[in-house]
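Visitor: Could you look at this predicted model? Sequence included:
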Amino acid sequence: MASPLNLILLGPPGAGKGTQAERLREDFPIQCLSTGQILRAAVADGTELGKQAKQHMDAGGLVPDELVNGVVLERLTSMEDGFLLDGFPRNRAQAEALEQALADHDRKVTAALLIEVPEEELVKRISGRRMCKEGHTYHVDTDPPKHADRCDVDGLPLFQRDDDEEGVVRERLRTYERETSPLVDFYDDRGLLRRFDGTRSPTEVHDHLRAAVATLRLEDEL
Ligand code: AP5
C-alpha cells in the first residue's frame with residue numbers, strides 16, 4: 001500500500017498557495033492545513049493565540065515559532081493519511097522542528113512544491129484578492145466570484161484581508177526573502193524540491209501540481 005504523502009507548499013505571499021491547496025484537496029485524499037487560516041480564525045475568535053499573533057501579522061512579520069509550532073505539529077502527527085501544508089514551515093527553525101516531529105513517528109516530508117512568481121505580479125494579485133471567512137479565495141480581475149462580493153461556494157460575504165494593504169504586503173515580501181526563501185535550498189539539498197511556474201493561469205498551475213503529486217504517489221507505489 002502507498003505511504004501517505006506529506007507535502008509542503010512553498011512560495012511568497014500571493015503565489016497561489018491557498019488557491020492551489022484548495023484544488024489539490026479535491027484531487028487527492030489529503031488533509032490541508034493553512035497556518036494563515038488558523039491564525040486568522042484565532043484573531044477573529046479573540047483567543048489567546050489570536051491576541052498574540054495579531055500584532056505580528058499586522059506588521060507583516062512572522063508569528064513567533066513557539067506559538068505556531070505547537071499549533072501545527074500537534075495536528076500533523078494525528079494526520080496519519082498525509083498532509084498538505086500551506087504556510088508552514090516558514091523559517092529554518094520551523095523546518096527542523098517539522099523534520100524532528102515527523103522522524104519521531106517514522107515519517108518524513110515527501111516533497112516541497114515551490115510556486116514561483118515575480119514580486120510585482122505578487123503585489124497586483126494581493127491587492128485584488130477577496131476571500132470569505134472559510135478561506136475560499138477570488139481575485140477581482142482574474143478570478144471574480146459569480147455574484148459580486150459573495151462566495152460561490154458558501155454564499156458568505158467576501159472581504160479584503162487586514163494584512164493586504166500595500167505597505168504590509170511589501171513587508172511580508174521582505175520577511176519571505178529573509179526568513180522563508182532559505183528553505184528553497186534547505187529542501188533542494190535534501191532532494192525534495194519541485195519547482196512550478198506560478199505565472200501561468202490557476203488552471204495550468206493546478207494541472208502541473210496535480211501531475212507532480214500523482215507522480216509522487218506512483219513512485220511511492222513502485
Ligand atoms: P498566510 O495566510 O500564509 O499568507 P501568505 O504566505 O503571505 O500567503 P497568501 O495567503 O498571501 O498568498 P497565497 O500564496 O496563499 O495566494 P492566494 O492563493 O491567496 O500568512 C499570513 C500571516 O500569518 C503571515 O504574514 C504571518 O504573520 C502569519 N503566519 C502564517 N504562517 C506562519 C508560520 N508558519 N510562522 C509564523 N507566522 C505565520 O492567491 C493570491 C491572489 O492571487 C488571489 O486573489 C488569487 O485569486 C490570485 N491568484 C492565485 N493564483 C493565480 C494565478 N496563477 N494567476 C493569477 N492570479 C492568481
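Guide: Looks like it arrived, so ask away. Quick caveat: nothing in here was measured; it's all calculated off a predicted structure.
Visitor: Distance from stretch 18-33 to the middle of the chain?
Guide: Mean C-alpha position of stretch 18-33 versus that of the full chain (Cα atoms, centre = their mean, to the nearest Å) differs by 10 Å.
Visitor: Flag every residue of the protein that's near the ligand.
Guide: For the chain, the contact set with the ligand under Cβ under 6 Å from any ligand atom comprises 11, 13-19, 35-36, 39, 56-57, 61-63, 68, 87-88, 90, 94, 125-126, 128-129, 137-139, 142-143, 163, 172, 198, 200-202, 205. Backbone N, C-alpha and C define where each C-beta goes, glycine included.
Visitor: what is the mean pLDDT for stretch 18-30?
Guide: Averaged across stretch 18-30, pLDDT comes to 93.
Visitor: would you put the C-alpha positions of it in PDB?
Guide: C-alpha atoms of stretch 18-30 as PDB (Å, rounded to 0.1, in the frame of the first residue of the first chain):
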ATOM      1  CA  GLY A  18      -4.100  28.800  -0.800                       C
ATOM      2  CA  THR A  19      -5.700  28.700  -4.300                       C
ATOM      3  CA  GLN A  20      -3.800  25.500  -5.200                       C
ATOM      4  CA  ALA A  21      -4.200  23.800  -1.800                       C
ATOM      5  CA  GLU A  22      -8.000  24.100  -2.200                       C
ATOM      6  CA  ARG A  23      -7.800  22.500  -5.700                       C
ATOM      7  CA  LEU A  24      -5.400  19.700  -4.700                       C
ATOM      8  CA  ARG A  25      -7.600  18.800  -1.700                       C
ATOM      9  CA  GLU A  26     -10.300  17.900  -4.200                       C
ATOM     10  CA  ASP A  27      -7.900  15.700  -6.300                       C
ATOM     11  CA  PHE A  28      -6.300  13.700  -3.500                       C
ATOM     12  CA  PRO A  29      -7.300  12.200  -0.200                       C
ATOM     13  CA  ILE A  30      -5.100  14.500   1.800                       C
END
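Visitor: Any buried residues in it, and which?
Guide: Within stretch 18-30, the residues that qualify as buried are G18, T19, Q20, A21, E22, R23, L24, F28, I30, counting by 16 or more other Cβ atoms under 10 Å.
Visitor: Same check on stretch 111-121?
Guide: So, applying 16+ other Cβ under 10 Å, buried residues of stretch 111-121: A111, A112, L113, L114, I115, V117.
Visitor: so how far is the first residue of that stretch from its last?
Guide: This stretch, stretch 111-121, spans 26 Å end to end (Cα to Cα, to the nearest Å).
Visitor: From the chain's centroid, how far away is it?
Guide: On Cα atoms, centre = their mean, the centre of stretch 111-121 falls 11 Å from that of its chain.
Visitor: Counting neighbours, what do you get for the residue nearest to D149 when sequence neighbours are not counted?
Guide: Closest residue to D149 apart from its sequence neighbours, by Cβ to Cβ, 6 or more residues apart in numbering: L158 at 5.1 Å. Residues lying near L158 (other Cβ atoms under 10 Å) number 21.
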